[in-house]
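Student: Any chance you can model this:
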Amino acid sequence: MSARPPRSLFSSRLFPALLGVLLTTTVLSGCEHTQESEHNNERQIAAGRGTSKITPLGDNSYNVFCPTGICRFQLKNNGAADIKFHFYYSAGQPFRALEGIYLNSLAGDQDVSESMTVLDNTTSVQLNLNAGEHHVEIQAVDYHR
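Tutor: Residues are numbered from 1 along each chain as shown. Sure thing, here's the model as predicted:
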């Protein structure tokens, strides 16, 4: 009886599935994810398309880095909060003026009572959340992209 040579992983039927899992994990791990707990409010912020990273500033403010000038990210928040977002292309290079800022509820037909205010410098916004659970997607577009 002769021993069969070991099969290569590349010739295995599982290889395409393993490659898919590996690529998905690699792509998803490139998205920055920030999670905070403040005053019994649980907050999660996940970078989405066009967002390279989100850094907390510690005072309910975040720097959002969008290299192309168009970005999306998701926010989950439990409780009332006033949260500021400052938009940048890269460190030291802020957006010049917001062309648009869009807020979409991702919680189905939940009564959404959020409001977004563009701050004086026109490259930062404040999101005012009432009590309750919120899951929203925010999209920002710089006018000079």
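
Student: low-scoring stretches of the protein, by residue?
Tutor: Along the chain, segments meeting pLDDT under 70 span 1-41, 108-114, 145.

Student: how about the helices in it?
Tutor: Under the criterion DSSP state H, the chain contains helices at 15-29.

Student: can you list the residues that contact stretch 55-72?
Tutor: Identification of contacts with stretch 55-72 by C-beta atoms under 8 Å, 6 or more residues apart in numbering yields 34, 36, 38, 45, 47-54, 73, 81-91, 95, 137-142, 144-145. For glycine as for every other residue, the C-beta is placed from the backbone atoms N, C-alpha and C.

Student: surely residue 131 meets residue 81?
Tutor: No - between residue 131 and residue 81 there is no contact under C-beta atoms under 8 Å: 9.4 Å.

Student: which one of these two has more residues nearby?
Tutor: Set residue 131 next to residue 81 and count neighbours by other C-beta atoms under 10 Å: residue 81 wins out with 18 against 11.

Student: from what I can see that one touches residue 129, true?
Tutor: Yes - in this structure residue 81 lies within contact range of residue 129 using C-beta under 8 Å: 5.0 Å.

Student: Flag every buried residue along stretch 75-83.
Tutor: Of the residues in stretch 75-83, 75-79, 81, 83 count as buried by neighbour count, 16 or more other C-beta atoms under 10 Å.

Student: and residue 88, what are its bridge partners?
Tutor: The partner list for residue 88 in beta bridges (DSSP bridges) reads residue 65, residue 94.

Student: Could you tell me which residues make contact with it?
Tutor: Applying C-beta under 8 Å, 6+ apart, the residues near residue 88 are 63-66, 94-95.

Student: Excluding covalently adjacent residues, which one is nearest to residue 89?
Tutor: What sits nearest to residue 89 in space, not counting adjacent residues and going by C-beta to C-beta, 6 or more residues apart in numbering, is residue 67, at 5.8 Å.

Student: Give the burial count for residue 86, as a bare number.
Tutor: Residues near residue 86, counting by other C-beta under 10 Å: 18.

Student: which residues touch it?
Tutor: Residue 86 touches 57, 61-64, 94, 123-124, counting by C-beta under 8 Å, 6+ apart.
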